[in-house]
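Novice: coords please:
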Amino acid sequence: MRSSRLGIFVLLLLTVFLTANCSYFNRILSRKNLVDGSMAYKERKFEVAEDLFRRAAARDPEGATEEGKIAQVFLARTLHSRYIGNRQDTSLAEQAIAEYRKALALNKNDQSSYKAIAGLLENLQRTDEWKQWVTDRANDGSIDPEYRAEALTSLAAKQNTCANEVSDTPATKKTVQRDGKEVYQYSKPENEADFQRMKACVEEGNRLIEQAVALENDTVKNLASIDPKALTDEQLRQNLNALKPFESARSYRASLLIQASRLAEMEGRNEDRDRLKTQSDQAKEAFTALSNKTKDIQSEIDARTAAAEAAANANANGAAAPAR
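Specialist: Next comes the predicted model:
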């Protein structure tokens, strides 16, 4: 009888202990799944990795822990990789999209998951869904401004391509002499529908790209004052992350102003053409300044990384040298 009561008492104690520490043990198990899953993924054993990541994600579907959040992203990436290896199986792409959506629900600013979904929708040629997906991102005020700017730039880039398909053809673009120089002269396409399509794309593209540029942060606006060599490693990383998303925005701003100048020339609005061409040149200069600054920052990061590695190697060689 005493033995039976003791056993029950021990069982009760263990139950209380395990219940109180359930989340702790779940995190330990999830970490093991993440490590084992990562190894399987590296070895391209994607089905094994998928199973392990599913187990870890299932323990924390709400993403209350870092393990749960990481597992959700890793699961989506594994399904994505399986699809890349077998593009005939579009169900894998659908599953990857569903899991990426769950990851975004845990972290709205997970830009890699957002881009992955956009890429998969494009690959599946679901153009309308892609446009709605990117538009929703661009219009969501709860998303970080730089990520909204990237979405707006993606939409503007499509409009730039649309306009260029009309303006950059042998029928609309000819080389002529102007002020002693060879320049391109643009004329309206014979098909009025093509011209109206270009006009709509130019107007929409410029509207979108101006919205993107308007989201530039203070780091971008004050980039001339940034001295990479005077920054700490962390400041270098922060500045690079703040600047990089707006490079494409400035580049497409210049491109869309060029399209607008071509449109003005087609309509015989030569003063507007010249004004827009000047604005495009200014936009190019602004893009170049930003691009050069990001290159300078990256060069400083690379130089410091190389110096740190060289110092570590020197210390290792010194420690390994035999005593005399």
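Novice: need the contact list for Arg273.
Specialist: Applying CB atoms under 8 Å, 6 or more residues apart in numbering to Arg273 gives the contacts Ser261, Arg262, Ala264, Glu265. Quick note: C-beta positions are derived from backbone N, CA and C, even for glycine.
Novice: filter those residues to the buried ones?
Specialist: Ser261, Arg262, Ala264, Glu265 (16 or more other CB atoms under 10 Å).
Novice: related to what we said a few turns ago, can you tell me which of the contacts of Arg273 end up in helices?
Specialist: Secondary-structure check on these using DSSP state H: residues within helices are Ser261, Arg262, Ala264, Glu265.
Novice: For the closest residue to the first one other than its chain neighbours, give its distance to Asn270.
Specialist: Going back to what we said before, that points to Ser261. With sequence-adjacent residues excluded and distances taken as CB to CB, 6 or more residues apart in numbering, Ser261 is closest to Leu276, at 3.8 Å. As judged by CB to CB, to the nearest Å, Leu276 and Asn270 stand 11 Å apart.
Novice: Neighbour count for the two, which is higher?
Specialist: Per other CB atoms under 10 Å, whichever of Leu276 and Asn270 has more neighbours is Leu276, with 22 against 11.
Novice: Please identify the helix or strand for that one.
Specialist: Per DSSP states H and E, Leu276 falls inside helix 270-320.
Novice: Which residue ranges make up the domains of this structure?
Specialist: Using automatic domain parsing, the domain parsing of the chain gives 25-125, 126-171+184-313.
Novice: Quick one: end-to-end length of the last one, please.
Specialist: By that I understand domain 126-171+184-313. End-to-end distance of domain 126-171+184-313 (CA to CA, to the nearest Å): 51 Å.
Novice: Quick one: mean pLDDT for it?
Specialist: What domain 126-171+184-313 shows for mean pLDDT is 97.
Novice: ok, now which ones touch Lys173?
Specialist: Ser167, Tyr184, Gln185, Tyr186.
Novice: buried subset of the residues you listed?
Specialist: Using 16+ other CB under 10 Å as the burial test, the contacts of Lys173 include Ser167, Tyr186 as buried.
Novice: if I look at Gly180, how far off is Glu271?
Specialist: For Gly180, the distance to Glu271 equals 21 Å [CB to CB].
Novice: The two: which is more packed in?
Specialist: Glu271 (8 against 5).
Novice: quick one, strands of the chain?
Specialist: In the chain, the segments counted as strands under DSSP state E are 173-178, 181-186.
Novice: List the strands paired with the first one, with their directions.
Specialist: Each strand paired with strand 173-178, and its direction, by DSSP bridges: strand 181-186 (antiparallel).
Novice: what does the strand it pairs with rub up against?
Specialist: Residues contacting strand 181-186 (CB under 8 Å, 6+ apart): Ser167, Thr172, Lys173, Lys174, Thr175, Val176, Gln177, Arg178, Arg262, Glu265, Met266.
Novice: ok, which pair from these is furthest apart?
Specialist: Pairwise distances across the contacts of strand 181-186 peak at 20.4 Å for Ser167 and Gln177 (criterion: CB to CB).
Novice: quick revisit: reformat the contacts of strand 181-186 as a markdown table; add distance to Ala64.
Specialist: Output for those, formatted as a markdown table (distance: CB to CB, whole Å):
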| residue | distance to Ala64 |
| --- | --- |
| Ser167 | 53 |
| Thr172 | 58 |
| Lys173 | 58 |
| Lys174 | 64 |
| Thr175 | 64 |
| Val176 | 67 |
| Gln177 | 70 |
| Arg178 | 66 |
| Arg262 | 54 |
| Glu265 | 59 |
| Met266 | 58 |
